[in-house]
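1. requesting a structural model of the entry that follows:
(chains A and B)
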Amino acid sequence: MDAVTTAPTPRVARPLQRRRGAPVWWRALGGVAMLAIAGVLAFDRWGGEDLPGWLIPLILFLVSLALTWSPLDGAFGQDPWRLDVSGLFRRDDWWRLLIGLALGITALWWFALWDYTDSMAVRSVVTTLVILLGLGLMLAPWWMRAIRQVSIERQARIREHERAEIAAHLHDSVLQTLTLIRARATDPDAVARLARAQERDLRAYLYGERRDPDASVATAVAEAIGEVEDAHSVVVDTVTVGDAPLTEDLRAAVAATREAAKNAARHGIGPISVYAELTADAFEVFVRDAGPGFDPRAIPDDRLGIRQSIIGRVERHGGHAEIHSSPGGRTEVALSIPRRES
Amino acid sequence: MSVTVVIVDDHDVIRVGVRESLDDQIEVVGEARDVESAIAEILDKRPEVVILDVHLPGGTGAGALDVLAEIKGRVEGTRTLALSVSDSAEDVVSVIRAGARGYVTKSISGPELSDAVRRVAGGDAVFSPRLAGFVLDAFGAAGGEVAIEDDELDQLTAREQEVMRLIARGYTYREVGEKLFISIKTVETHVGKVLHKLQLSNRHELAHWAAQRRIV
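-> The predicted structure follows:
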């Protein structure tokens, strides 16, 4: 349970709040003014004849970009979720935006009037492209914002979807079981069985690799043991090491394991433990109970459980089974099946 | 001489259950329900053993790992036994690597838990069958990897593997000793060495390894 409640919901990191300092802004404007004066002086000194026609519109345009982007950047930085900035803007933000847009349009206009080539066709195409590009650049912050918001919304949707899936699973399993348990509160066996089955299910959901039993001998063993637990109302401590897809031999070993666990549940006392280890050479299983033990040589010939279902089954697949027990002690069934290519 | 313990678990029911299942040789000197109160309680009461739930609210969100990191080196002689319902290899391996001397699941019986507490208090390691299974997976025992040198940190020796296999099969330390014809002290030494390897191995992603190594 605690794994669910303490797992923190991942949150989208909020961008650092940016400070919009007017003094910094005015200093920048001062710098721009100095640059402008320097430009005028340079123009005065060397004359404007050789100056390329695109230089002044370009400078104007860059100034306009600085003016339009900075207030938007500040406003978006404040609240990453809003597209509409009107509520976040202060008055000087509005002025900067307005002046910036005006400057930008002037710059583009200037460029449009510039007669840089004789070919009318080239000029109309290039000018149109440049103007579109310029307008696009001025509006870029909105554009970026919209893209980012789409991705934030998508993440939120994915999270919501996951949450809904978990809720649905918990509803179908845990909630149903709890309702059943409450209805059968007077029947301790039924309650124990329901609780055990639910615990197994929830464990598989929380920690399990949830493999297909055909693809995983570990899952197949866990399922077989689960059935025994339910049928005999016992708890079996199951540990598996190694894993591989099921083969015919492994299937037989799992079936024999189920029989051995059934026997332990029927005749032995808890705790019952099952250890299954799959190595490169063999699949070995040990099923152990805590007593009361019996004399393995004294198994009557008509007891098919052990002879047929455990020993016979394993031997038919090239393995062997041993039963270690003595009256008064623990019983351990050891199965071993060699791994063959199949 | 009774052993002093502090129980840390965020569920009241579990704390009460653990307290009641411990025998009278064990004295509960404090309880805590989250990372902050656990650290305060441990530093204040200085118990011999902390029974620590793996998932705890508070701290940086890492639960028991936060507590272990915080008390490391600040309390002499306090040892930790991790207690959890979790089956995930990440939880088990990371809490051992953070310094816990043992890991048991909450389905453990009262006498077994009391034994585990005494064992941890005595400086020994406590391995549940499941932890032994993880160790065999993580150190590639199923793939046939065996350490030749005794002090190799990334692999288990043949004897250590035998001991881990028997623990995974549900044998108690005493039964392991009888089966292998060694003393219970020797079994404890082997288990202690495995714990040491688990804590210090350079196989950084041991838990991840465990999952990977399952396929043989």
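2. now stretch A:194-203: how far from the chain's centre is it?
-> Relative to its parent chain, stretch A:194-203 has a centroid offset of 24 Å by CA atoms, centre = their mean, to the nearest Å.
3. need the CA coordinates for that stretch. CSV is fine.
-> What follows is stretch A:194-203, C-alpha atoms only, in CSV (Å, rounded to 0.1, in the frame of the first residue of the first chain):
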residue,chain,number,x,y,z
LEU,A,194,-10.0,-13.2,-0.7
ALA,A,195,-7.4,-11.2,1.0
ARG,A,196,-4.6,-13.6,-0.1
ALA,A,197,-5.8,-13.6,-3.7
GLN,A,198,-6.1,-9.8,-3.7
GLU,A,199,-2.6,-9.4,-2.2
ARG,A,200,-1.1,-11.6,-4.9
ASP,A,201,-2.9,-9.6,-7.5
LEU,A,202,-1.8,-6.3,-6.1
ARG,A,203,1.8,-7.4,-5.8
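4. next, the buried residues of the helix or strand hosting B:Arg119.
-> Following DSSP states H and E, one finds B:Arg119 within helix B:110-121. For helix B:110-121, burial by neighbour count (16 or more other CB atoms under 10 Å in any protein chain shown) applies to B:Glu112, B:Leu113, B:Ser114, B:Asp115, B:Ala116, B:Val117, B:Arg118, B:Arg119, B:Val120, B:Ala121. From N, CA and C alone the C-beta is placed, and that goes for glycine too.
5. pipe those residues into CSV and attach distance to chain A and pLDDT per row.
-> Converted to CSV, those look like this (distance: CB to the nearest CB, whole Å; pLDDT from 0 to 100):
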residue, distance to chain A, pLDDT
B:Glu112, 9, 86
B:Leu113, 14, 89
B:Ser114, 16, 91
B:Asp115, 14, 89
B:Ala116, 15, 90
B:Val117, 19, 92
B:Arg118, 20, 91
B:Arg119, 18, 89
B:Val120, 20, 91
B:Ala121, 24, 90
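6. show me the two of the residues you listed that sit farthest apart.
-> Spatial extent of those (CB to CB) is set by the pair B:Glu112 and B:Ala121 at 14.9 Å.
7. is any residue of the lengthiest helix in chain B near chain A?
-> If each helix of chain B is counted by residues according to DSSP state H, the longest one is helix B:184-200. No - using CB under 8 Å from any CB of the partner chain, helix B:184-200 never reaches chain A; the gap is at least 14.3 Å.
8. by contact count, what packs against that helix?
-> Helix B:184-200 makes packing contacts with helix B:89-97, strand B:126-127, helix B:129-138, helix B:158-168, helix B:173-180 when contacts are defined by 3 or more CB pairs under 8 Å, 6 or more residues apart in numbering or on different chains; DSSP states H and E.
9. cutoff 10 Å now
-> helix B:89-97, strand B:102-105, strand B:126-127, helix B:129-138, helix B:158-168, helix B:173-180, helix B:206-213 (3 or more CB pairs under 10 Å, 6 or more residues apart in numbering or on different chains; DSSP states H and E).
10. which residue does chain A have closest to chain B?
-> Nearest residue of chain A to chain B (CB to the nearest CB) works out as A:Ser273 at 3.0 Å.
11. A strand includes that residue, no?
-> Yes - judged by DSSP: H, G, I helix; E, B strand; the rest coil, A:Ser273 forms part of a strand.
12. next one, pLDDT for it please.
-> In the predicted model, A:Ser273 carries a pLDDT score of 91.
13. quick one: contacts for it?
-> A:235-239, A:261, A:264, A:286-290, A:332, B:129, B:168-171 (CB atoms under 10 Å, 6 or more residues apart in numbering or on different chains).
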